[in-house]
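>>> just coords:
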């Protein structure tokens, strides 16, 4: 009769001694991966915008830094390309009244349009004023996510625990 409370006590002790520390450790691993992803994505975007192009070397460096976390990632790139054609320079008599009429317009280029140029030429050119956005989100389930789903009943697809995103404007004229 006293064996049931003893078994329950042993199970609770096992959970307290092993499972919760493992959950805490796996959450710390996710925190470190999160920091690594944020830094890698920010460095990739800032370097690409500084030189005016996405290079194969920069992209490969991003991939290797992300892979070092032990997770797999979905990477999305978007470049908002500055189309200056709607903005026209106007001179109304003297040189002090030169200005632009109209607004600059942006159109977006996405990962599936960027990658063919990157694969074939080794780079994708940007020009000054283009806006590059890169985001990376883990596509695998981490140990922390598995434990949370098991113990807390959290469910759902596309629930990412490690996501990094960064946006910057190109400050350099693209060149080959």
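Arrived safely, thanks for sending. Treat the numbers as computed from the prediction; the structure is a model and nothing was measured.
>>> bridged to the most centrally placed residue in the chain, which residues?
Taking CA atoms, centre = their mean, the centroid of the chain lies closest to residue 135, which sits 2.3 Å from it. Listed beta-bridge partners, residue 135: residue 76, residue 165 (assigned using DSSP bridges).
>>> surely residue 165 touches residue 77?
No: using CB atoms under 8 Å, residue 165 is not in contact with residue 77, being 11.1 Å away. C-beta coordinates here come from the backbone N, C-alpha and C atoms, glycine included.
>>> what touches both of these two?
Residues within reach of residue 165 and of residue 77 at once, by CB atoms under 8 Å, 6 or more residues apart in numbering, are 133-134.
>>> so for whichever strand or helix holds residue 114, what's the average pLDDT?
Here residue 114, judged by DSSP states H and E, is contained in helix 111-121. On average, the pLDDT along helix 111-121 is 91.
>>> and if you look at stretch 128-141?
92.
>>> so where's the protein shaky on pLDDT?
Along the chain, segments meeting pLDDT under 70 span 1, 85-103, 153-160, 172-176.
>>> can you map out the strands along it?
Per DSSP state E, the chain carries strands over the ranges 53-55, 73-83, 88-90, 99-101, 105-110, 123-125, 131-138, 163-169.
>>> just say which of those strands is most tucked in.
Highest mean neighbour count of the strands of the chain: strand 53-55, a mean of 23 (counted as mean count of other CB atoms under 10 Å).
>>> who does that strand pair up with?
Strand 53-55 is paired, per DSSP bridges, with strand 123-125 (antiparallel).
>>> and the longest helix belonging to the chain, what's buried?
Identified as the longest helix of the chain according to DSSP state H is helix 20-51. For helix 20-51, burial by neighbour count (16 or more other CB atoms under 10 Å) applies to 23, 26-27, 29-30, 33-34, 36-38, 40-42, 44-45, 47-49, 51.
>>> now do stretch 65-73
For stretch 65-73, burial by neighbour count (16+ other CB under 10 Å) applies to 65-66, 69, 71, 73.
>>> among those, name the ones in helices.
Among these, DSSP H puts 65-66 in helices.
>>> quick check: the two most widely separated of the buried residues of stretch 65-73?
Using CB to CB, these span at most 11.6 Å, a distance reached by 65 and 71.
>>> show me what the helix holding residue 114 is packed against.
Helix 111-121 sits against helix 56-67, strand 73-83, strand 123-125, with contacts defined as 3 or more CB pairs under 8 Å, 6 or more residues apart in numbering; DSSP states H and E.
>>> change it to 6 Å
Packed against helix 111-121 by the contact rule (3 or more CB pairs under 6 Å, 6 or more residues apart in numbering; DSSP states H and E) you find strand 73-83, strand 123-125.
>>> let me have the ones you listed in a markdown table, extended by distance to residue 107.
Compiled in a markdown table, the helices and strands packed on helix 111-121 are given as follows (distance: least, CB to CB, whole Å):
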| stretch | distance to residue 107 |
| --- | --- |
| strand 73-83 | 6 |
| strand 123-125 | 15 |
